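Participant: Predicted coordinates and the sequence they were generated for:
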Amino acid sequence: MYNFLNDNSIYVVLVVALINWFGLFIYLMRTESKLNKLEKQISLNNSSAEKKNE
Amino acid sequence: MVAIRYVLMLLCIVLPIVLAFKHGITLPRKKYWIITTFVLVTSVLIFTILPPISGNFSDARRLSKTVDFKNVDVSFIVSEIVYDDNEVIISAIPSEIFHFTEKKNLENNVYTIISPKDNGVYSLKLNDKVVSTLNYNEESNTYKLKKIVSVNPILEYPFIEALQHRIKNLNLHVPLHWTSFIAYLVSLIFSIRYLKHNRLEDDIVASSAIKIGLIFTILGTVTGMIWAKFNWGAYWNWDPRQTTILVIMLIYFAYFGLRNSLDSFEKKAKLSAVYSIISFIAVPVLMFIIPRLLPSLHPGGKDDGTTGPVISTQADMVDSSLAFIFYLSIAAFLFIYFWYLSIEIRQKMLENKFREQNV
């Protein structure tokens, strides 16, 4: 593996680029799921508040 | 073939937009969206970085005589392999002959050769397409094989002397600006909708679209500057395209200046919607018309009809593998854009809800 990467430096570039992208992608996914949770919580709070008002 | 390309290009631009609108820009992205984004961006990165750049024999011959000689990777098809006493002589299509001095066993027309530079082992068959680094010997008018870059590559990018490997930047630089144009278009649509229906939700979409679009414009400008340093010698050249993109950036920075200077939410939304509609009128002119009217360092300027295989006014001139990955790249960036946009919008809406509850 090391020898292969040593001989073909373009694959090192690829690995670096892909790691960057995977990191950004995982962060995006986490933000997405956290937002989902927050939205659900707030809509739950709102509906319970409405029931109390009734 | 040209028709297929136009269809593919339209599909890569229109499909992400249609899907985003159909499914609701403000809603959380569905699973297929996340998977498509992942697959598209990963494959664009792989197929942008890995494919070899392949020139032809005349490139290699011409450039071997230049002072600052750089290796040219040559693409050819193996037409005949002759086994000599101490050499393997491979004939190629287009008809050129090169020698390789490494003796190996030959069975069933398969010649395993070991490249001296990197000690990689390759099996060459007849009719294999090979991209390799060759050394041209002027005295004997022959080539010596230095290194085999790739055998039967799926994709190969054209060799252009001025660009070299920088040709791959095309897939990572141009789609950013195309995406930002779509972003400003989305903002225009929702600004008009805001003025029509007076809903705060439309204002949130319009301002978020510009915010993410501006990020794409800045990224495109910075990547363009880095590219410009190595192709034109300076980071900033006041080229027509660079100047107009600077004007677009200033216009949309002023949009946020306007928004943040107002306190009332109603006034803020109404004024910025009007500003966004007026400023969008300038965007197609600045992005597509002015750069084509003036002589430019960028391809596609005035008196620059045939700029070769990278970009051209004639679609069939453009190298097909380059064009294909370029279209995929546009789709990938659009998918990322609409994802970021939905996150930004939902965050703004949550803030809005909190504010309403606390008032």
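Facilitator: Nice, I can see it.

Participant: ok but residue B:263 is inside a helix, no?
Facilitator: No. The assignment for residue B:263, made by DSSP: H, G, I helix; E, B strand; the rest coil, is coil rather than a helix.

Participant: Need the phi and psi values for it.
Facilitator: Main-chain torsions, residue B:263, degrees, to the nearest 10: phi -90, psi -40.

Participant: Would you map the helices across chain B?
Facilitator: B:2-23, B:31-49, B:57-64, B:170-197, B:200-231, B:240-260, B:265-284, B:290-293, B:320-358 (DSSP state H).

Participant: Equivalent analysis for chain A, please.
Facilitator: In chain A, the helices defined using DSSP H lie at A:2-7, A:9-53.

Participant: how about stretch A:30-50 against chain B, any contact?
Facilitator: Yes. Against chain B, stretch A:30-50 shows contacts by CB under 8 Å from any CB of the partner chain at A:31, A:32, A:35, A:36, A:38, A:39, A:42, A:46. (C-beta placed from N, C-alpha, C; glycine too.)

Participant: For the first one, give me its contacts.
Facilitator: Listed by CB atoms under 8 Å, 6 or more residues apart in numbering or on different chains, the contact partners of residue A:31 are residue B:343.

Participant: so how far is residue B:342 from it?
Facilitator: 11 Å (CB to CB, to the nearest Å).

Participant: Same check on the last one?
Facilitator: Between residue A:46 and residue B:342 the distance, using CB to CB, works out to 21 Å.

Participant: Neighbour count: the two, which is higher?
Facilitator: Set side by side, residue A:46 and residue B:342 show more neighbours around residue B:342, with 24 against 12, by other CB atoms under 10 Å in any protein chain shown.

Participant: Touching, that one and residue B:26? I think so.
Facilitator: Yes. Here residue B:342 reaches residue B:26: they are 6.6 Å apart, a contact under CB atoms under 8 Å.

Participant: Enumerate every residue touching the spatially most central residue of chain A.
Facilitator: The residue lying closest to the centre of chain A (CA atoms, centre = their mean) is residue A:29, at 2.3 Å. Counting by CB under 8 Å, 6+ apart, residue A:29 makes contact with residue B:34.

Participant: hang on, isn't residue B:291 packed against residue B:245?
Facilitator: No. Using CB under 8 Å, residue B:291 is not in contact with residue B:245; the gap is 9.1 Å.

Participant: Identify the contacts common to those two.
Facilitator: Counting by CB under 8 Å, 6+ apart, nothing touches both residue B:291 and residue B:245.

Participant: Could you pick out the buried ones from the residues of stretch A:30-50 next to chain B?
Facilitator: Neighbour-count burial (16 or more other CB atoms under 10 Å in any protein chain shown) is assigned, among the residues of stretch A:30-50 next to chain B, to A:32, A:35, A:39.

Participant: between the residues you listed, which is closest to chain B?
Facilitator: Nearest to chain B among these, counting by CB to the nearest CB, is residue A:35 at 5.2 Å.

Participant: in the stretch 201-350 of chain B, which ranges drop under the pLDDT threshold?
Facilitator: B:304-318 (pLDDT under 70).

Participant: Contact residues of it facing chain A?
Facilitator: Residues of the stretch 201-350 of chain B lying near chain A (CB under 8 Å from any CB): B:339, B:340, B:343, B:346, B:347, B:350.

Participant: try it again with 7 Å
Facilitator: Taking CB under 7 Å from any CB of the partner chain as the criterion, the stretch 201-350 of chain B approaches chain A at residues B:339, B:343, B:346, B:347, B:350.

Participant: Between all of those residues, which two are at the greatest distance?
Facilitator: Greatest spatial distance in those: B:339 and B:350, 17.1 Å, computed using CB to CB.

Participant: between those two, which one's more packed in?
Facilitator: Using other CB under 10 Å as the criterion, residue B:339 and residue B:350 rank with residue B:339 on top: 22 against 15.

Participant: Run through the residues that contact the more buried one.
Facilitator: Contact analysis of residue B:339 by CB atoms under 7 Å, 6 or more residues apart in numbering or on different chains lists A:28, B:29, B:33, B:37.

Participant: Dump these to JSON lines, plus neighbour count and distance to residue B:71.
Facilitator: Listed next are those as JSON lines, based on neighbours: other CB atoms under 10 Å in any protein chain shown; distance: CB to CB, whole Å:
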{"residue": "A:28", "neighbour count": "18", "distance to residue B:71": "40"}
{"residue": "B:29", "neighbour count": "21", "distance to residue B:71": "45"}
{"residue": "B:33", "neighbour count": "19", "distance to residue B:71": "43"}
{"residue": "B:37", "neighbour count": "23", "distance to residue B:71": "37"}
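
Participant: Quick one: low-confidence residue ranges for the stretch 1-150 of chain B.
Facilitator: Ranges of the stretch 1-150 of chain B meeting pLDDT under 70: B:1, B:67-70, B:81-123, B:140-142.

Participant: what number of residues lie near residue 27?
Facilitator: No chain specified, so I'll use chain A. By other CB under 10 Å, 10 other residues sit near residue A:27.

Participant: I was after chain B.
Facilitator: 11.

Participant: Over to residue A:6?
Facilitator: Residues within reach of residue A:6, counting by other CB under 10 Å, total 11.

Participant: ok, it to residue B:5 distance?
Facilitator: Separation of residue A:6 from residue B:5 (CB to CB): 39 Å.

Participant: Correct me if wrong: residue B:134 contacts residue B:148.
Facilitator: No. Between residue B:134 and residue B:148 there is no contact under CB atoms under 7 Å: 10.1 Å.

Participant: before we move on, back to that, can you convert the helices of chain B into JSON lines and add a column each for distance to residue B:128?
Facilitator: JSON lines is the format used below for those (distance: least, CB to CB, whole Å):
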{"stretch": "helix B:2-23", "distance to residue B:128": "27"}
{"stretch": "helix B:31-49", "distance to residue B:128": "21"}
{"stretch": "helix B:57-64", "distance to residue B:128": "17"}
{"stretch": "helix B:170-197", "distance to residue B:128": "27"}
{"stretch": "helix B:200-231", "distance to residue B:128": "34"}
{"stretch": "helix B:240-260", "distance to residue B:128": "42"}
{"stretch": "helix B:265-284", "distance to residue B:128": "48"}
{"stretch": "helix B:290-293", "distance to residue B:128": "43"}
{"stretch": "helix B:320-358", "distance to residue B:128": "18"}
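
Participant: any weak-confidence spans in chain A?
Facilitator: If you take pLDDT under 70 as the line, chain A has these spans: A:7, A:54.
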